[in-house]
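1. sharing a model that was predicted from the sequence below.
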Amino acid sequence: LLAVPVLATQVAITQLQIETGLHPLAVAVAAEGDKQPERETRRTPALRNEVYEKLTEAQEAAEAKDLATAKRILDEMIANSGKKALNSYEMANVYNLYAFIQYSKEDYAGALKSYEKVVSQPDIPVAMEINTRFTIAQLYFVQEQWQQGIDAMLKWFSMTDKPNANAYILLAQGYYQVKDYDKALVNVDKAIAMSKAANQIPKEQWLNLARFLYFEKNDTKNTVAVLEELLTYYPKKEYWVQLSHMYGEQEKTSEQLAALETAYVQSMLDKDNEQVMMAYLYLNADVPYKAAKVMDKGLSNKTIADKSKNWELTGNAWRQAQELEKAIPAMEAAAASSDKGELYARLGNIYLDNDEFSKAITAINKGLSRGGVKRPDTARLVLGMAYFNLNQYDKAREAFNAAASDERSAAYAKQWIGYMDSELARQQSLKDESAGNAAQQADANAQTPGDDKAADEASGEKVSQDKEKAEEPAAGKPEDKGKAEG
């Protein structure tokens, strides 16, 4: 998640313009309390006119991409020197042009050797040596010779008065490559501090390197701080996602949700796993409606994969949001794509919640027959409730008895059986009472034949009252387990 790519080093072969700065902390700490030595003065030999003209000729050829001619001129300068041998400064300039030619041909190893010959010449100008040593360090890094590049950079730091922020970054990259993260971090932090002190925005790759290094050191606090700074200057999706992850590591659930939500509302989350994570964070924050909306949108526009587990998440979210009409088709899709019966059992539970008892029975039976139901006892309780609500009491009893075979549901199943028995007894009592009342009314009518209309009305009112009593459930009905479990 927080990996950093290798930071490529850009090499400038022409004379480097080095800005002023401070010595790197790695050097400054070692020499703490000591004043930096003054730059040495050298008596540099003069560049003779005839040599200058030849060098100019070779340089013009090289700049015109006529590298063969440029090399021939330089070869002749060395071969023909004889008694007029080139002095150290003149030789340094020759090797400097050789290096340019070799680099232009992508002969980096050859260019590096030529630059090493430049700095090996005695009494060359200090500025020339400083600039060349910086180029040498860059060439080592280009060839992934990290330790040699670090050594070359430290030599350069020991010579220059005020290195700039880019130099600290180059050294930090070298230390990063050899996994010396502590020294890398010291130098990249110094570069960032220098940039801010100059009222400049730190470069994105600098902050990224700091972020990676803090992460590797398990410094979550500073990793978060750098990510927040990256988002201030470079508000990109990847940083919102990473920041959300790091907030999660800190168990800052509200901030974790807020960071990812910020990316989501800007339509930055285009990957399946990112949107699913968004939905889970909403669920964990007890905002199931938003979770369901995220999943529903992603499944509709195909940015979330059409998989059983994703439909299951959608169905569960809609159900928790009390949107049963939307939960049902989502869970139907989840169950149809699954090879196990568990999702059909859950679907049956939702059907029960929505008073679709026949569909609940079909779904539960399908799940039980398919296998893989995590709690068959609970599924059979739901099955019994559905049968009970359809007045199919024998099948309800069978389902409750099957559920009772599991001790986890035994007590609740027995409560339902007891309730069902009391309900059946109540209904039978009402039926007997109604039959007795009807017989009494018939006898009364036979004894008072003159008032048949009044008797019929009285009889009808009595039957209606008996029907209302029969439809009232018995007291003590167990809690609807399907709805209670959710």
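-> The structure has been received and is ready for your questions.

2. what ranges do the helices span in the stretch 251-400 of the chain?
-> Along the stretch 251-400 of the chain, counting by DSSP state H, counting those that start in this stretch, helices occupy 253-265, 272-284, 288-300, 308-320, 324-336, 342-353, 357-370, 376-389, 393-404.

3. can you put those in JSON lines and add mean neighbour count and distance to A64?
-> Placement of C-beta: from N, CA and C, glycine included. JSON lines is the format used below for the helices of the stretch 251-400 of the chain (neighbours: other C-beta atoms under 10 Å; distance: least, C-beta to C-beta, whole Å):
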{"stretch": "helix 253-265", "mean neighbour count": "19", "distance to A64": "52"}
{"stretch": "helix 272-284", "mean neighbour count": "19", "distance to A64": "53"}
{"stretch": "helix 288-300", "mean neighbour count": "20", "distance to A64": "59"}
{"stretch": "helix 308-320", "mean neighbour count": "22", "distance to A64": "63"}
{"stretch": "helix 324-336", "mean neighbour count": "20", "distance to A64": "70"}
{"stretch": "helix 342-353", "mean neighbour count": "26", "distance to A64": "75"}
{"stretch": "helix 357-370", "mean neighbour count": "20", "distance to A64": "80"}
{"stretch": "helix 376-389", "mean neighbour count": "24", "distance to A64": "85"}
{"stretch": "helix 393-404", "mean neighbour count": "19", "distance to A64": "93"}
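
4. give me the mean pLDDT for the strand or helix carrying S244.
-> If you go by DSSP states H and E, S244 is part of helix 237-249. Per-residue pLDDT values across helix 237-249 average out to 96.

5. related to what we said a few turns ago, mean pLDDT and distance to Q427 for the helices of the stretch 251-400 of the chain - can I get that in CSV?
-> Below are the helices of the stretch 251-400 of the chain laid out as CSV (pLDDT from 0 to 100; distance: least, C-beta to C-beta, whole Å):
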stretch, mean pLDDT, distance to Q427
helix 253-265, 96, 52
helix 272-284, 96, 43
helix 288-300, 97, 40
helix 308-320, 95, 33
helix 324-336, 94, 30
helix 342-353, 94, 22
helix 357-370, 94, 19
helix 376-389, 95, 13
helix 393-404, 94, 10
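
6. export those helices to a markdown table and append columns for distance to K236.
-> Shown next, in a markdown table, are the helices of the stretch 251-400 of the chain (distance: least, C-beta to C-beta, whole Å):
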| stretch | distance to K236 |
| --- | --- |
| helix 253-265 | 9 |
| helix 272-284 | 13 |
| helix 288-300 | 21 |
| helix 308-320 | 26 |
| helix 324-336 | 33 |
| helix 342-353 | 38 |
| helix 357-370 | 45 |
| helix 376-389 | 47 |
| helix 393-404 | 54 |
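
7. hmm, back to that, in the helix holding S244, which residues are buried?
-> In terms of neighbour count (16 or more other C-beta atoms under 10 Å), helix 237-249 has its buried residues at K237, Y239, W240, V241, Q242, L243, S244, H245, M246, Y247, G248.

8. closest one of those residues to A291?
-> S244 (15.4 Å; C-beta to C-beta).

9. S104 is in contact with A64, isn't it?
-> No - using C-beta atoms under 8 Å as the test, S104 is too far from A64 to be in contact (11.4 Å).

10. which of those two has more residues huddled nearby?
-> Neighbours per residue (other C-beta atoms under 10 Å) separate S104 from A64, with S104 holding more: 15 against 10.

11. count the residues that sit near the closest residue to that one other than its chain neighbours.
-> Distances taken as C-beta to C-beta, 6 or more residues apart in numbering put L67 closest to S104, at 6.0 Å, once the chain neighbours are dropped. When neighbours are counted by other C-beta under 10 Å, L67 registers 15.

12. and the gap between G298 and L313?
-> 10 Å (C-beta to C-beta, to the nearest Å).

13. who touches both of those two?
-> Common neighbours of G298 and L313 (criterion: C-beta atoms under 8 Å, 6 or more residues apart in numbering): V276.

14. which residues do S104 and A64 both contact?
-> By C-beta under 8 Å, 6+ apart, no residue touches both S104 and A64.

15. so which of the helices of the stretch 251-400 of the chain is nearest L209?
-> Nearest to L209, of the helices of the stretch 251-400 of the chain and by C-beta to C-beta, is helix 253-265 at 21.6 Å.

16. so where do the helices sit in the stretch 51-200 of the chain?
-> Per DSSP H, counting those that start in this stretch, the stretch 51-200 of the chain carries helices over the ranges 67-79, 88-104, 108-120, 126-142, 146-159, 165-177, 181-197.

17. which secondary element of the protein has the worst mean pLDDT?
-> In the chain, no helix or strand scores lower on mean pLDDT, DSSP states H and E than helix 25-30, which sits at a mean of 25.

18. so where's the chain uncertain?
-> Low-confidence segments of the chain (pLDDT under 70): 1-41, 81-84, 446-477, 479-486.
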